[in-house]
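A.B. asks: The following comprises the amino acid sequence and a computationally predicted model.
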Amino acid sequence: MGKLSTHSLVWAFVAVMLAFIYLPVVVLVLFSFQSGDLPVPPLDGPSLRWYQRAFANDRLTNSLWNSLLVGGLSAAAATLLGFLSAYGMFRRKTAAAAAIRLLLIAPLMVSYLIIGVGLLIVFNTAGLGRSLFAVGIGHVVINLPLCYAIIYSQFGDHLCNIDNAAHDLGAGDLTTLHRVIAPVMLPAIIAAFCLSFTLSWDEFIISLLLSRFDVTLPVMTFELMRAGLTPEVNAAGTIVFAISFAMALAAAMATIFRPGRSR
Amino acid sequence: MSRIAVELLDISKSYAECVALDCLSLQFREGEFVVLLGPSGSGKTTLLSILGGFIQPTSGTVRIAGRDVTLMPPAQRPTVTVFQDYALFPHMTVQDNVKFGLEMRRVPKRERARLAAEALTLVGLEGFGNRRIHELSGGQRQRVALARAIVIGPAVLLLDEPLGALDVKIRRQMQAELHALQRSLAATFIHVTHDQEEAMSIADTIVLLNRGRVEDIGPPERVYRRQASLFAATFMGDTNLLEGTITSAANGTAVIETPLGKVLADGGGTVGTKVRLSIRPECIRVGNSNADSGVSFGRARLHDFVFQGTHLRCQASIANDRELVLRLAADNMVTPETTVDLWVQSRDVVLINREDM
């Protein structure tokens, strides 16, 4: 017994843990290249047959565009609102700050199911009914707290004087925001946007509850699965995963590589 | 006599827990280089923020160039602040930083470029316009911050510990440059620092602050040599303090009875008052006293020598187990454990009547 065996134990643990996390994804991706009719072993590919099938399916491609639209717009709205609230909380240290912060963060603690049902009731009462727009609003509700938290965490003390300096040199609030604060905060803003997009893109429950004829990709995938388990579901799932992965990576890059920090 | 540039009337600032400034009234002339000096928590930065408009005083009035600016936002004041951490805009080039204030004032584009280049030349950064901020050293960033502030032509420039983050050599150089810059611009500079040497080397006027009050105000030499209070004596460098009682006072000279015997000092006071005497280490001389104008400390044993380059710092044990701090010329021939005579001229003994600390 010694260092070597402890060392290999650690590596074995890491391997098991990674397998636990990534094996389902690997299986999903692998069997999307199946050429047979069922996504079960043995693997008899590789073949792009099910991808062709998926892209030929109008309902599936429509849902893909819907997801991109809802994801892009809701992430943009959540990021903008999150940025403005973070700046507001940063600038004005009011006595009620703790209470306001709690209100901003609270939706993170409520389950998506409850938010979805709540919004469904609100939209029905308002006579707006279910739609992609409603799904987008739902995604803004769940992503705003996250955007606020990410961006607020990057408002350091050094920004306090940068903000003061811009005002001191004669810039108004809006000019300061778009000429100085937003560019300096760009990495955090990009990270918040990418993460919001990813969460919206993956989100299922609220989309299921609030959409009607136009559905998002996860809802469509679910419907495909109910019709029967074919590798087409795997292909759709792989597309969802690939885009999520790319956005999460972009978010990570934005926070790791921050150009031009003054200190 | 130049006109009053900045006037503070009964300025107080209190926070929930403490009083940062306690009823301050000050006046600074146009073209004066003022240093607000004090330890941390003395209220000097609060005072600067009130002048810059970033903090509103709890009570009192701020007048700049004759106008009441107490409630005016920073942008409308004829002041610009140079922040401690420079607060440069990291995503802009050097010249875009410098041009920012001009752009906000809607100066025409060509004029902007000319003024920015001029300001950069003035701070010694000619040709640095296209550099990015993160490519610059600390001293260069400091210069950009200065250029960005002076390019607007403020009547009053506020500097919040601008040299605090620089190493000693660059700090000395920047002090000289700041002084020259202030002379050439003829603007009022108000500079905050906790470094008394920095204050003495650049100020026309030192405002010594302690616990939100003004301890002393005056030219550096007077503030250093004729300390107004016990705090002024201990904060502005080393000193030797003696307690005593005034036994007589006449013609501007007081006689004080101390544990070391009678000491003569310039000043006056009521006979019987308990006072303190402050004697700077460099004022204590080796040799025999001149009986008319000096005070002898008698025989002293020298020990604990610290060589400090330009001078020698040591302790002297005198009668009654008392210790004095001495600062001797570095080429002085004394060696540790020698015994010498010490004396001080009565004009170098400062009489401090004020009780408070």
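C.D. replies: Thanks, I have the structure now.
A.B. asks: what about the nearest residue to A:T61 once chain neighbours are set aside, distance to chain B?
C.D. replies: Among residues not flanking A:T61 along the chain, A:F55 sits closest, at 6.1 Å (C-beta to C-beta, 6 or more residues apart in numbering or on different chains). In short, each C-beta sits where N, CA and C put it, glycine included. Computed as C-beta to the nearest C-beta, to the nearest Å, the A:F55 to chain B distance reads 41 Å.
A.B. asks: what secondary structure does A:F55 sit in?
C.D. replies: The three-state assignment at A:F55 reads helix, by DSSP: H, G, I helix; E, B strand; the rest coil.
A.B. asks: With B:T247 instead?
C.D. replies: strand.
A.B. asks: need the helix or strand of chain A with the lowest average pLDDT.
C.D. replies: Least confident helix or strand, chain A: helix A:49-56 with a mean of 82, by mean pLDDT, DSSP states H and E.
A.B. asks: So which elements touch that one?
C.D. replies: Here helix A:49-56 touches helix A:231-256, going by 3 or more C-beta pairs under 8 Å, 6 or more residues apart in numbering or on different chains; DSSP states H and E.
A.B. asks: Which other helices and strands does the helix it packs on contact?
C.D. replies: Looks like helix A:231-256 contacts helix A:3-30, helix A:49-56, helix A:58-91, helix A:186-202, helix A:217-227 (3+ C-beta pairs under 8 Å, 6+ apart).
A.B. asks: Nearest approach to A:C160 belongs to which of those?
C.D. replies: Relative to A:C160, the nearest member of these by C-beta to C-beta is helix A:58-91, separated by 7.7 Å.
A.B. asks: still on that earlier bit, alpha carbons only: can I get the least confident helix or strand of chain A in CSV?
C.D. replies: Only the C-alpha atoms of helix A:49-56 are listed here, as CSV (Å, rounded to 0.1, in the frame of the first residue of the first chain):
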residue,chain,number,x,y,z
ARG,A,49,-30.3,7.8,-41.9
TRP,A,50,-32.2,9.0,-38.8
TYR,A,51,-30.7,12.5,-39.0
GLN,A,52,-32.1,12.7,-42.6
ARG,A,53,-35.4,11.5,-41.3
ALA,A,54,-35.3,14.0,-38.5
PHE,A,55,-34.5,16.9,-40.8
ALA,A,56,-37.2,15.8,-43.3
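A.B. asks: neighbouring contacts of that helix?
C.D. replies: Applying C-beta atoms under 8 Å, 6 or more residues apart in numbering or on different chains, the contact partners of helix A:49-56 are A:32-35, A:60-61, A:230-232, A:234-236, A:239.
A.B. asks: Quick one: which of the residues you listed is the most crowded by neighbours?
C.D. replies: A:A235 (29 neighbours; other C-beta atoms under 10 Å in any protein chain shown).
A.B. asks: Was I right to think that residue contacts A:S32?
C.D. replies: Yes - using C-beta atoms under 8 Å, A:A235 is in contact with A:S32, at 4.4 Å.
A.B. asks: For the residue nearest to A:T61, the count of nearby residues, please.
C.D. replies: 15.
A.B. asks: who's in contact with B:P220?
C.D. replies: Counted by C-beta under 8 Å, 6+ apart, B:P220 has contacts B:A199, B:M200, B:S201, B:A203, B:I206.
A.B. asks: one more time with 10 Å, if that's ok
C.D. replies: B:V35, B:L37, B:Q196, B:A199, B:M200, B:S201, B:I202, B:A203, B:D204, B:T205, B:I206, B:M236 (C-beta atoms under 10 Å, 6 or more residues apart in numbering or on different chains).
A.B. asks: which one of those sits closest to B:V6?
C.D. replies: B:T205 (11.4 Å).
A.B. asks: Select the longest helix from chain B.
C.D. replies: helix B:168-185 (DSSP state H).
A.B. asks: Check whether that one comes near chain A.
C.D. replies: No - against chain A, helix B:168-185 shows no contacts by C-beta under 10 Å from any C-beta of the partner chain, the least distance being 17.3 Å.
A.B. asks: I'd like to know which elements that helix is packed against.
C.D. replies: Where contact means 3 or more C-beta pairs under 10 Å, 6 or more residues apart in numbering or on different chains; DSSP states H and E, helix B:168-185 is packed against strand B:33-37, helix B:109-122, helix B:138-150, strand B:156-160, strand B:188-193, helix B:196-202.
A.B. asks: Name the SS class of the residue in the stretch 1-150 of chain A that chain B sits nearest to, please.
C.D. replies: Distances between the stretch 1-150 of chain A and chain B by C-beta to the nearest C-beta are smallest at A:A95, namely 10.0 Å. Put simply, A:A95 is coil when judged by three-state DSSP.
A.B. asks: Against which helices or strands is the helix or strand hosting B:V263 packed?
C.D. replies: Using DSSP states H and E, B:V263 sits within strand B:261-266. On a contact count with 3+ C-beta pairs under 10 Å, 6+ apart, strand B:261-266 meets strand B:240-250, strand B:253-258, strand B:274-279, strand B:294-307, strand B:339-345, strand B:349-352.
A.B. asks: go with 6 Å
C.D. replies: If you count contacts as 3 or more C-beta pairs under 6 Å, 6 or more residues apart in numbering or on different chains; DSSP states H and E, strand B:261-266 packs onto strand B:253-258, strand B:349-352.
A.B. asks: Let me know the angle separating that strand from strand B:274-279.
C.D. replies: Compare the direction of strand B:261-266 with that of strand B:274-279 by axes from the mean of the first three to the mean of the last three C-alpha atoms, to 10 degrees and you get 80 degrees.
A.B. asks: Would you mark the buried spots in strand B:261-266?
C.D. replies: B:V263, B:L264, B:A265 (16 or more other C-beta atoms under 10 Å in any protein chain shown).
A.B. asks: Can you tell me which of those residues is closest to B:H179?
C.D. replies: Of these, the one sitting nearest to B:H179 (C-beta to C-beta) turns out to be B:A265, at 33.4 Å.
A.B. asks: can you pull the contacts of that closest one?
C.D. replies: B:A265 is in contact with B:A254, B:S346, B:V349, B:L351, counting by C-beta atoms under 6 Å, 6 or more residues apart in numbering or on different chains.
A.B. asks: what's the closest of the residues you listed to A:L80?
C.D. replies: Distances from A:L80 to the contacts of B:A265, taken by C-beta to C-beta, are shortest for B:L351, at 67.0 Å.
A.B. asks: How much space separates the closest one from A:Q34?
C.D. replies: 99 Å (C-beta to C-beta, to the nearest Å).
A.B. asks: which stretches of the chain have low pLDDT?
C.D. replies: With no chain named, the answer covers chain A. Within chain A, the stretches falling below the threshold (pLDDT under 70) are A:1-4, A:257-263.
A.B. asks: meant chain B, my bad for not saying
C.D. replies: For chain B, the ranges with pLDDT under 70 are B:1, B:289-293, B:354-357.
A.B. asks: if you set the cut-off to 80 instead, what comes out?
C.D. replies: B:1-2, B:165, B:252, B:260-261, B:267-269, B:288-294, B:319-320, B:330-336, B:353-357 (pLDDT under 80).
A.B. asks: ok, and for the least confident helix or strand of chain A, which residues are buried?
C.D. replies: A:R49, A:W50, A:Y51, A:A54.
A.B. asks: Tell me how many other residues crowd residue 77.
C.D. replies: Because you didn't say which chain, this covers chain A. Applying other C-beta under 10 Å, we find 18 other residues in the vicinity of A:A77.
A.B. asks: you looked at the wrong chain, it should be chain B
C.D. replies: Residues near B:R77, counting by other C-beta under 10 Å: 22.
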